[in-house]
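Q: Provided below are the primary sequence and the corresponding predicted coordinates.
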Amino acid sequence: MSENNISVKNLCKSFDGFTLNNISLQVPKGRIVGFIGENGAGKSTTINLLLNELKRDSGTIEILGTDTLNSSVKKEIGVVFDECNFHDFFTAQNVAKIFSGVYPTWDNSLFTLYMKKLNIPFSKPISSFSKGMKMKLSIICAMAHRPKLLILDEATTGLDPVVRDEILEMFLDFIQDEEHSIFFSSHIISDIEKIADYVILIHQGKIVFEEEKDTLIYQYGIIRCEKKQFADIQPEDYIISRKTNVSMECLVRDKEAARRKYKNVVVDSASLEEIMLFYIKGGSTK
Ligand SMILES: Nc1ncnc2c1ncn2[C@@H]1O[C@H](COP(=O)(O)OP(=O)(O)OP(=O)(O)O)[C@@H](O)[C@H]1O
């Protein structure tokens, strides 16, 4: 049995002016993988390819142990995009009724529990919902059919920090059995920092890194030094360097090693956002 709920190898897709270039990634069972990158980096394209909403040019995709995403496998996946596609004249109760007919695993008591937890009305038309309420309803519906895998494209966009926190807890509960997984694209880096086990950064259609979040947060660091001190920093000790107005900064993979070796410079911890900006805004990679 595969240890991964998603396994992608050498995935390629070209549009006029954009190429998704040889993407390989894994989403292990029992883990949350955060997918980050700038606007237009290729996150939604990757997700649409995973879900067979787009036809790939080449590469392989295995989801839930199969490379054939037929309708019964699709029913084991909960999907949320950044917009809600329910008809405005439906109520949440109508939506639940439709879903219960489509998904054999639909759990109405779980639906009711989440609806109450996130404070969503059962019998008001969806046209009267705010954007945040519509997103909450989409997430509840994706989870209430008890999928094995959740694929979320910007699903927490538009939600306030309190609600996001509640939803992130629901996501953490979801993977507790070590069989379920979440693949989760977001521009809200703090959400990824809170719940992801692994982080994948995509930039201009290519994967830049796939790394354990704890390694990024606890081991990566930033050397800050004067331009003349930078001459003493050996290129093999940093990943990327960049100039600021007054100084130099170098992203390092092992901040403790950098502190031991370079005693006269400052070596700070690096946030996920800072690491992402280093890679995307660049500088010199030597
Ligand atoms: N169906 C399509 N036809 C042509 N080009 C497309 C199509 N879908 C996406 N693209 C292009 O592919 C590139 C990547 O888009 P994609 O939506 O995957 O980015 P993203 O990382 O999800 O961005 P965002 O964070 O803004 O949602 C963009 O340049 C976009 O214009």
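A: That came through fine. Numbering: from 1, shown residues only.
Q: Only C-alpha atoms from now on, for both contacts and neighbour counts.
A: Noted.
Q: Can you list the residue ranges for helices in the stretch 101-250 of the chain?
A: 108-117, 131-144, 161-174, 189-195, 213-219, 227-230 (DSSP state H, counting those that start in this stretch).
Q: so which of these comes closest to the ligand?
A: When the helices of the stretch 101-250 of the chain are compared by C-alpha to the nearest ligand atom, helix 189-195 sits nearest the ligand, at 12.3 Å.
Q: got the buried residues for that closest one?
A: 189, 191-193, 195 (16 or more other C-alpha atoms under 10 Å).
Q: need those residues in CSV with pLDDT and distance to A41, can you?
A: Formatted as CSV, the buried residues of helix 189-195 follow (pLDDT from 0 to 100; distance: C-alpha to C-alpha, whole Å):
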residue, pLDDT, distance to A41
I189, 94, 15
D191, 94, 19
I192, 95, 17
E193, 94, 20
I195, 95, 22
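Q: Could you export these to TSV, including columns for distance to the ligand?
A: Listed next are those as TSV, based on distance: C-alpha to the nearest ligand atom, whole Å:
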residue	distance to the ligand
I189	12
D191	15
I192	14
E193	17
I195	19
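Q: Of those residues, which is the nearest to Q219?
A: Ranked by distance to Q219 (C-alpha to C-alpha), the buried residues of helix 189-195 are led by E193 at 14.3 Å.
Q: For that closest one, which residues are in contact?
A: 213, 272 (C-alpha atoms under 8 Å, 6 or more residues apart in numbering).
Q: With adjacent residues omitted, what lies nearest to L64?
A: Among residues not flanking L64 along the chain, N5 sits closest, at 4.7 Å (C-alpha to C-alpha, 6 or more residues apart in numbering).
Q: And whichever strand or helix holds that neighbour, what does it pack against?
A: Using DSSP states H and E, N5 sits in strand 4-15. Helices and strands touching strand 4-15, by 3 or more C-alpha pairs under 8 Å, 6 or more residues apart in numbering; DSSP states H and E, are strand 18-28, strand 58-63.
Q: How many residues are close by N108?
A: 16 (other C-alpha atoms under 10 Å).
Q: Can you tell me how far the residue lying closest to it once chain neighbours are set aside is from T66?
A: In this structure, N108 finds its nearest non-sequential neighbour in A144, 7.2 Å apart by C-alpha to C-alpha, 6+ apart. Counting by C-alpha to C-alpha, to the nearest Å, the gap from A144 to T66 is 23 Å.
Q: How about T45?
A: 20 Å.
Q: Just want to know which of those two has more residues nearby.
A: Using other C-alpha under 10 Å, the more surrounded residue of T45 and T66 is T45, with 19 against 14.
Q: what's the helix or strand for that one?
A: Here T45 sits within helix 43-50, counting by DSSP H and E.
Q: Now do that helix: which elements does it pack against?
A: strand 149-153.
Q: So which other helices or strands are in contact with the strand it packs on?
A: Using 3+ C-alpha pairs under 8 Å, 6+ apart, strand 149-153 sits against helix 43-50, strand 77-80, strand 181-185.
Q: Report whether the first one contacts the ligand.
A: Put plainly, it is helix 43-50. Yes - against the ligand, helix 43-50 shows contacts by C-alpha under 6 Å from any ligand atom at 43-45.
Q: from those residues, which single one is nearest G205?
A: Nearest member of these to G205, counting by C-alpha to C-alpha, is K43, at 8.3 Å.
Q: contacting residues around that closest one?
A: Going by C-alpha under 8 Å, 6+ apart, K43 touches 35-37, 153, 185, 202.
Q: what do you get if the cut-off is 10 Å, keeping everything else the same?
A: By C-alpha atoms under 10 Å, 6 or more residues apart in numbering, K43 lies in contact with 20, 35-37, 49, 153-154, 184-186, 201-205.
Q: Quick check, pLDDT for it.
A: The model reports K43 with a pLDDT of 97.
Q: Then the one 5 residues further on?
A: As summarised for this prediction, N48 has a pLDDT of 95.
Q: And for D177?
A: So D177 comes in at 89 (pLDDT).
Q: How about D67?
A: 89.
Q: how about the nearest residue to it, chain neighbours excluded?
A: Using C-alpha to C-alpha, 6+ apart, the closest residue to D67 is I61 (5.9 Å).
Q: hey, what's the one you found bridged with?
A: V8 (DSSP bridges).
Q: For it, which residues are in contact?
A: For I61, counting by C-alpha under 10 Å, 6+ apart, the contacting residues are 6-11, 24-26, 49-52, 67-69.
Q: buried stuff in the strand holding N5?
A: Here strand 4-15 shows 4-8, 11-13 as buried, counting by 16+ other C-alpha under 10 Å.
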